[in-house]
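Colleague: Pasted the sequence and its predicted model underneath.
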Amino acid sequence: MKMNELFSVGDMVFGYCNGFFDRDDYDDKVCVLVNSKYAVFQYTEGRWKGFAAVLNYTDSLSKEMVDSWKIEKTED
């Protein structure tokens, strides 16, 4: 599996995310760049608002786990 099979630009993630971003990181983030090896997320809230975090691919990531991190898009 590749990172761009798990995330798309515009995906929002929230909560603990199984500690992949940090054990104390619960802030919402949006995916701003993704390729086969890594994804870049920009914080949309919290003390790191506007900053970015890189999530590198690892075999520990699964589609089911990553999907549980995502914020469902709703129609207005």
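Modeller: The structure has been received and is ready for your questions. Residues are numbered from 1 along each chain as shown.

Colleague: In contact with the most centrally placed residue in the chain, which residues are there?
Modeller: Central residue of the chain (CA atoms, centre = their mean): Val13, 4.8 Å from the mean position. Residues counted as contacts of Val13 (CB atoms under 8 Å, 6 or more residues apart in numbering) are Asp28, Lys29, Val30, Cys31, Phe41, Trp69, Lys70, Ile71. All C-beta spots, glycine's among them, are computed from the backbone N, C-alpha and C.

Colleague: rerun that using 7 Å as the cut-off
Modeller: The contact partners of Val13, taken as CB atoms under 7 Å, 6 or more residues apart in numbering, are Lys29, Phe41, Trp69, Lys70, Ile71.

Colleague: try Leu33
Modeller: By CB under 7 Å, 6+ apart, the contact set of Leu33 is Val9, Ala39, Val40.

Colleague: Dump the contacts of Val13 to a markdown table, plus distance to Thr58 and secondary structure.
Modeller: Shown next, in a markdown table, are the contacts of Val13 (distance: CB to CB, whole Å; DSSP: H, G, I helix; E, B strand; the rest coil):
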| residue | distance to Thr58 | secondary structure |
| --- | --- | --- |
| Lys29 | 18 | strand |
| Phe41 | 15 | strand |
| Trp69 | 15 | helix |
| Lys70 | 18 | strand |
| Ile71 | 22 | coil |
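
Colleague: among those residues, who's most crowded?
Modeller: Counting by other CB atoms under 10 Å, Lys29 has the largest number of neighbours within the contacts of Val13, with 27 neighbours.

Colleague: Run through the bridge partners of that one.
Modeller: Val13, Tyr43 (DSSP bridges).

Colleague: How about Ala53?
Modeller: Bridge pairing for Ala53 (DSSP bridges) gives the partners Phe41.
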